[in-house]
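**Student:** Mind folding the following:
(one chain, ligands or ions: 1)
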Amino acid sequence: MEEVNDIAFRILCKKAGAGITYTGMIHPQDKREINLEDKPVLQLFCTTTKNIKEFMKKYNSKVSGWDFNLGCPAKTARKHGFGVFLHHDLKSIEEILQTIRQNTKKFFSIKLRKSKYTKEIIKIAEKYCDAICIHPRTQQQGYSGIIDLEFAEKIKKQTKLPIIYSGNVVSESGGPHSGDKKNVEKFLKTFDYVMIGRRAIGNPNIFSKFSGNKKNFTFKDYLKLAEKYKLPFRQIKFQAMQFTKNQRNAKEIRLEIFKIKTLKKLKEFTYNVFS
Ligand SMILES: Cc1cc2nc3c(=O)[nH]c(=O)nc-3n(C[C@H](O)[C@H](O)[C@H](O)COP(=O)(O)O)c2cc1C
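**Tutor:** Here you go, the predicted structure:
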């Protein structure tokens with residue numbers, strides 16, 4: 001997830017038991033250095049093949065795989081035509097998937113939303129990809145509203161590619177539309193893998209619940225890694241806010257964190273808050 005999946009957070013998710021972690025979306029023309037020491041799957045977004053080859057040459061040995069984003073519903077995606085807004089352009093999608101495939105032998109997946117083009121895109125993906133991740137909501141739905149499970153099930157039947165299911169996957173206490181206490185078991189009866197998004201934000205321990213791992217990470221663990229990888233203060237502060245999620249008085253704590261302007265102060269404040 002964009003903003004959320006920095007290297008320190010990804011490492012905690014892996015330690016807790018996540019099988020694969022993904023980076024947030026990265027544009028192949030982005031010149032910033034990316035630390036991939038933890039070997040995530042790197043997710044690309046773009047509308048043309050420009051610079052894909054050069055970008056992949058630089059990072060292919062450092063990642064465990066590649067993903068192409070065809071799901072982003074955001075305003076910026078609409079403005080530039082990427083993510084779910086590229087769905088209608090099957091020609092560009094084929095060129096991009098082909099280019100990615102030509103530049104790696106590693107695992108390669110696509111992340112898709114529900115649209116009238118999804119089935120056509122899957123036919124193209126079958127030529128180049130190793131797996132498909134489906135989030136069965138439309139662009140208009142964003143991240144809320146009823147998930148079209150039937151649509152995802154049809155996709156599963158349509159293709160032999162493994163399907164990673166994404167959307168309201170929970171480990172306990174039920175999601176807003178799940179109706180189940182542990183819907184992951186239900187999803188895994190139909191799909192090959194599940195992806196956990198929002199429930200992991202500020203809570204990498206969610207993966208421990210699936211892996212049976214006894215690890216319990218707090219913001220202090222995040223902080224150690226964030227310092228090791230020299231993440232910017234802005235990012236560390238953002239994650240501190242997210243980790244308050246399961247704290248008592250979370251709102252008050254967030255307000256205090258919001259006011260903090262230095263790493264030293266953030267460390268002092270969070271030392272007692274996150275035990
Ligand atoms: C803040 C945020 C950032 C996200 N960033 C990405 C992204 O960069 N790439 C992507 O494929 N999906 C992204 N997603 C979508 C999630 O991967 C996931 O498909 C969606 O949230 C539904 O799953 P969930 O109910 O487990 O959250 C993002 C979602 C959120 C809420």
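
**Student:** got the contact list for Gln140?
**Tutor:** Applying Cβ atoms under 8 Å, 6 or more residues apart in numbering to Gln140 gives the contacts Pro73. Every C-beta, even on glycine, is put in place using the N, C-alpha and C of the backbone.

**Student:** so it, which of the three states?
**Tutor:** coil (DSSP: H, G, I helix; E, B strand; the rest coil).

**Student:** can you tell me how far it sits from the ligand?
**Tutor:** 15 Å (Cβ to the nearest ligand atom, to the nearest Å).

**Student:** Look at that residue and report its pLDDT.
**Tutor:** In this model, Gln140 is scored at 95, pLDDT.

**Student:** Same question for Lys15.
**Tutor:** Reported pLDDT for Lys15: 95.

**Student:** go on, Asp148?
**Tutor:** Looking at Asp148, the pLDDT reads 96.

**Student:** quick one: contacts for it?
**Tutor:** Applying Cβ under 8 Å, 6+ apart, the residues contacting Asp148 are 114, 136-137.

**Student:** Same question for Ile26.
**Tutor:** 34, 42-45.

**Student:** now the contacts of Asp148 as a markdown table including pLDDT and distance to the ligand?
**Tutor:** Shown next, in a markdown table, are the contacts of Asp148 (pLDDT from 0 to 100; distance: Cβ to the nearest ligand atom, whole Å):
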| residue | pLDDT | distance to the ligand |
| --- | --- | --- |
| Lys114 | 97 | 12 |
| Pro136 | 97 | 10 |
| Arg137 | 97 | 8 |
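
**Student:** Those residues into a markdown table, with extra columns for neighbour count?
**Tutor:** Formatted as a markdown table, the contacts of Asp148 follow (neighbours: other Cβ atoms under 10 Å):
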| residue | neighbour count |
| --- | --- |
| Lys114 | 22 |
| Pro136 | 22 |
| Arg137 | 23 |
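
**Student:** Those into a markdown table, with extra columns for distance to Lys265 and secondary structure?
**Tutor:** Output for the contacts of Asp148, formatted as a markdown table (distance: Cβ to Cβ, whole Å; DSSP: H, G, I helix; E, B strand; the rest coil):
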| residue | distance to Lys265 | secondary structure |
| --- | --- | --- |
| Lys114 | 45 | coil |
| Pro136 | 44 | coil |
| Arg137 | 40 | coil |
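
**Student:** Return the helix or strand in this structure with minimum mean pLDDT.
**Tutor:** helix 206-211 (a mean of 85; mean pLDDT, DSSP states H and E).

**Student:** State the number of residues packed around Thr190.
**Tutor:** 13 (other Cβ atoms under 10 Å).

**Student:** distance of it from Thr138?
**Tutor:** Distance of Thr190 to Thr138, computed by Cβ to Cβ, to the nearest Å: 20 Å.

**Student:** What about Ile206, how many residues nearby?
**Tutor:** 22.

**Student:** That should have said Lys116, apologies.
**Tutor:** 9.

**Student:** what's the answer for Gly197, then?
**Tutor:** If you count neighbours by other Cβ under 10 Å, Gly197 ends up with 15.
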